[in-house]
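> need a structure here:
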Amino acid sequence: MYGFSIYKNIDKDFTQKYHENNEEIYYKSLRIYYKKNPKFEEDKIFFENEKIIFGLDGVILNSKNFNWKKGNFYSEIEKKGISIVNELKGEFSGFIYFKETDTLNVFVNKTATKQVFYFQKENQFISTPNLEILLKVKTELGYFNYLNKSEVYYYLTFFSYFENKTFVQDVFKIEGGKYVSLGNKIELISYYDFNKIQIKNQNIKSIISDLNDTFITALKLEYDKEQEYEYSHLATLSGGLDSRMNVMLAHHLNYKLETFCFSQKDYLDEKISGKIAKDLKLKYDFYDLDSGDYLLNIDEKTDINYGMQFYAGSAHLLYTLNRIDKEHYGLLHTGQIGDGVLGGIISRNKTSNYFSKVESNLLINRIDFEKIDTSKYRDQEIFKLYQRVFNLTNYGSFVSEYSQLYLVSPFFDIHFLEVALSIEPDLKYNEKVYIQWINQSHPEISKYIWERTKMKPNHTFKTDLSKYTNYLYKKFYLLTNNEQKLSMNPVQYWYKINPLLKNYFETYFEKHIKLVETDRVLFNDLKYYFNEGSVYEKTTVLTLLSVINKYNIKV
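Residues are numbered from 1 along each chain as shown. Here you go, the predicted model:
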C-alpha cells in the first residue's frame, strides 16, 4: 500500500530490500521510504530541512487554504507541529520528525481512511502502511509474530478488530485522529477526538440548514479538487439515499459525472440507479455480480487489507473497479457512511447498546465484554463510529487506493460530521432527520424508490413501516424461489447455486485449518464457526486462515 515506511534504530540491510524504487531519506538512526501513488502528485510532500523531516501522502482536498508546498507552509509546520494536521481535509497519512528533540510523530487522518501499522520493541521502531513488510522485518529482527487470540474472537463477532489492535499480539494500527509519538517513550495521542463533539438541542430547521450547508461545501471541495488536476468525475450510484445525494446534488451544481452501479442483475439497485442516471442523462455503466465469483481468490483480497476486515466486505468493489479503466479519474465519489452517521449506527437504547451491531453471535460467548472500556466514549454512537465505521466500513477506501483512486464522500467531511454527530440521537433514529432534510431541501431526491424500504423516502413513517413490509417481501421471495431478489449481493443464494464457490470455500478451509490445530479450543471453535456459519461468517474464518498462512503467524 502507498505511504511512508519508517524505521528507527534498524539497520538498512533489514529494510532496503523491501523498498526498491521508493524515494528515501536517511537521517542518523532514521530510515524513511516513500511508495507514492501517482495520482494527485502535487499534494504529496517528502521534505527535509535543517529542523524537520516531513511527509504527507494522499490527497489534500483543502490544499488551496494553505501556501501549499511553499516556504511559508514549511515554516507553519515548524511552528505548529502536529497541530497543523488538524487543519487538513482529505485522505492522507504522514509524519513529522523534529531533529532537535529527536521526536517522531506518525499520523493518519481523522476518519482513518488510510491504514498505518506500527511496532516498537526496546529502542527499535517500525511504522508502515504495509503490514506484510512490517511482519517480515520484525521476524528478521528475531521477534516472532504470535496470534492475538483474544482479539480474534472480537474479529469473528464484529468482522474487524477492536480499537488499535491487530491479529498479531504486539503490532498495532493508528486510529483515526491520532498519532504515534516516539521520543523518550512511545505514546498514542489524539489530535482530534470525536468524543468531544457535544450533542446540542437544536430545532429541526437549524439542523437541516447546517446539514445542507456543510454537505454542499464538502461536495464542492471534492469535485473542485478533481478539476484542479483535470480528472473526470466517477461516482457510485445505487438504490440507496447516500449515493443519490452525492450524484444528484453534484449534477445540480453542474459537475459532469460518470456513474456506475454494481449488484445482482435486475435487483432494485440496478433498476433505481439506472432510472436516476437516465433521467439526469448521466453516463452510466452497470456491473453484475451474478453467481458470486468475486468471492474467489481470497489471498488477493487479503493482500489489500491485510485481513483487518473480512475479505468479502469490499470484494465486490474490487471486482468492479478491476473492470473499469481508471486512468482518467482521481477520486471515487461516493455517499459512504451517510446513512450511518444520520441514524444507521444507533439503536433505541442509548446507554446499553454499544454492541448492538454484532455481525455474528456464534462465538460471542468467548468475548469478555466487561473488559471493554466503553466509558471513554461519549455514547454508543461514537463508539460505533470508531469501531464499526472506521475499523470495518473503511475497507472500501483501501480497495479504492489499491486501485489508484481515493474514495471520498461529503458525509466524511469533518464539518459535516460535527453537525451530524451533534444532533440528538432520537431525531436521527430510523433516519428521521435525514428524510426531513431531503424532502425540505431536495424533494427531487425523494421521487425515486429507496432500496432499503422499497418505497419513496417522502415520509418518515415509511422507514418504520418497512420493517414489516420487508419481512413480507422476504417471505414471498423465499416461498417463490426468488432468493436472488433479496439483496444486491445475495451470497447465500450464490453459495447454493454455484458449486465452484462452495467447493472453493470448503477446499480452502480444509487445507488451512490445520494451521491452528496446536490450539484445540481455537481449532474446534473455527470448525464450528465455519460449518454452522453463514457465507459471510465463512469468509471471516477464511480471511483469518489466509493471514495466518501468508504471514507465518504462530498460534
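
> Next, the contact list for residue 23, please.
By Cβ atoms under 8 Å, 6 or more residues apart in numbering, residue 23 lies in contact with 33, 34, 36, 46. Backbone N, C-alpha and C define where each C-beta goes, glycine included.

> Present the residues you listed as TSV; the columns should include pLDDT, distance to residue 511 and neighbour count.
Conversion of the contacts of residue 23 to TSV gives the following (pLDDT from 0 to 100; distance: Cβ to Cβ, whole Å; neighbours: other Cβ atoms under 10 Å):
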residue	pLDDT	distance to residue 511	neighbour count
33	97	35	25
34	97	37	19
36	95	37	14
46	94	42	19
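
> Include secondary structure when you put the residues you listed into a markdown table, please.
Converted to a markdown table, the contacts of residue 23 look like this (DSSP: H, G, I helix; E, B strand; the rest coil):
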| residue | secondary structure |
| --- | --- |
| 33 | strand |
| 34 | strand |
| 36 | coil |
| 46 | strand |
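
> and which of these is nearest residue 12?
residue 33 (9.9 Å; Cβ to Cβ).

> Give me the distance between the nearest residue to that closest one once chain neighbours are set aside and residue 26.
Distance criterion Cβ to Cβ, 6 or more residues apart in numbering; nearest residue to residue 33, sequence neighbours excluded, is residue 19 at 3.8 Å. Between residue 19 and residue 26 the computed distance is 12 Å (Cβ to Cβ, to the nearest Å).

> any idea which helix is longest in this structure?
helix 204-228 (DSSP state H).

> can you list contacts of the following helix or strand past that one?
Following helix 204-228 in sequence order, the next helix or strand is strand 232-236 (DSSP states H and E). For strand 232-236, contacts defined as Cβ under 8 Å, 6+ apart pick out 223, 226, 243, 246-247, 250, 255-261, 324, 326, 328-329, 331-335, 405.

> Now the strand or helix carrying residue 243 - C-alpha only, CSV.
Using DSSP H and E, residue 243 falls within helix 241-252. Provided in CSV are the C-alpha atoms of helix 241-252 (Å, rounded to 0.1, in the frame of the first residue of the first chain):
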residue,chain,number,x,y,z
LEU,A,241,-30.1,7.5,-0.4
ASP,A,242,-26.4,8.3,0.2
SER,A,243,-25.1,7.8,-3.4
ARG,A,244,-28.0,9.7,-4.9
MET,A,245,-27.5,12.6,-2.6
ASN,A,246,-23.9,12.8,-3.9
VAL,A,247,-24.8,12.3,-7.5
MET,A,248,-27.9,14.4,-7.8
LEU,A,249,-26.6,17.4,-5.9
ALA,A,250,-23.3,17.3,-7.9
HIS,A,251,-25.3,17.2,-11.1
HIS,A,252,-27.4,20.1,-9.9
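
> and that helix, what other elements does it pack with?
With contacts defined as 3 or more Cβ pairs under 8 Å, 6 or more residues apart in numbering; DSSP states H and E, helix 241-252 has these neighbours: helix 204-228, strand 232-236, strand 257-263, helix 268-280, strand 329-333, helix 338-339, helix 432-441.

> For residue 501, find the nearest of the ones you listed.
Among these, strand 257-263 sits nearest to residue 501 (Cβ to Cβ), with 17.4 Å.

> Contacts for that closest one, please.
Contact with strand 257-263 is made by 232-238, 247, 250-251, 269-270, 273-274, 277, 282-289, 316-317, 319-320, 324, 333, 488-489, as judged by Cβ under 8 Å, 6+ apart.

> hey, which helix or strand in the chain has the poorest pLDDT?
Sorted by mean pLDDT, DSSP states H and E, the helices and strands of the chain end with helix 71-80, the least confident at a mean of 75.

> Would you mark the buried spots in that one?
Of the residues in helix 71-80, 73, 74, 76, 77 count as buried by neighbour count, 16 or more other Cβ atoms under 10 Å.

> quick revisit: please pick the buried ones from the contacts of strand 232-236.
Those of the contacts of strand 232-236 that meet the buried threshold are 223, 226, 243, 246-247, 250, 255, 257-261, 324, 329, 331-335, 405, by 16+ other Cβ under 10 Å.

> where does residue 96 fall, phi/psi-wise?
Per-residue torsions, residue 96: phi -130, psi 130 (degrees, to the nearest 10).

> Please name the nearest non-neighbouring residue to it.
Counting by Cβ to Cβ, 6+ apart, residue 96 lies nearest to residue 105, which is 4.9 Å off, once chain neighbours are set aside.

> ditto for residue 25
Distances taken as Cβ to Cβ, 6+ apart place residue 32 nearest to residue 25, at 4.7 Å, with adjacent residues excluded.

> Same check on residue 381?
Nearest residue to residue 381, sequence neighbours excluded (Cβ to Cβ, 6+ apart): residue 346, at 5.0 Å.

> Need the pLDDT of that neighbour.
Residue 346 is assigned a pLDDT of 85 by the prediction.

> what's the burial count for the spatially closest residue to residue 30 that is not a sequence neighbour?
Leaving aside its sequence neighbours, residue 30 sits nearest to residue 8 (Cβ to Cβ, 6+ apart; 5.5 Å). Residue neighbour count, defined by other Cβ atoms under 10 Å, stands at 19 for residue 8.

> thought residue 8 was touching residue 28?
No. The criterion here is Cβ atoms under 8 Å, and residue 8 misses it with residue 28 at 9.2 Å.

> Can you report phi and psi for residue 200?
The phi/psi pair for residue 200 (degrees, to the nearest 10) is phi -110, psi 150.

> could you measure the spatially closest residue to it that is not a sequence neighbour against residue 146, distance?
Distances taken as Cβ to Cβ, 6+ apart place residue 422 nearest to residue 200, at 4.8 Å, with adjacent residues excluded. In this view, residue 422 and residue 146 are 42 Å apart by Cβ to Cβ.

> residues contacting residue 24?
Per Cβ under 8 Å, 6+ apart, neighbours of residue 24: 31, 32, 33, 34.

> How about residue 32?
Neighbours of residue 32 in contact, by Cβ under 8 Å, 6+ apart: 4, 5, 6, 7, 24, 25, 26, 53, 55, 95.

> Which element, helix or strand, includes the fifth one?
Same thing as residue 24. Using DSSP H and E, residue 24 sits within strand 23-27.

> List the strands paired with that strand, with their directions.
Sheet pairing of strand 23-27 (DSSP bridges) gives strand 30-35 (antiparallel).

> quick one: the strand it pairs with to chain centroid distance?
Distance of strand 30-35 from the chain centroid (Cα atoms, centre = their mean, to the nearest Å) equals 25 Å.
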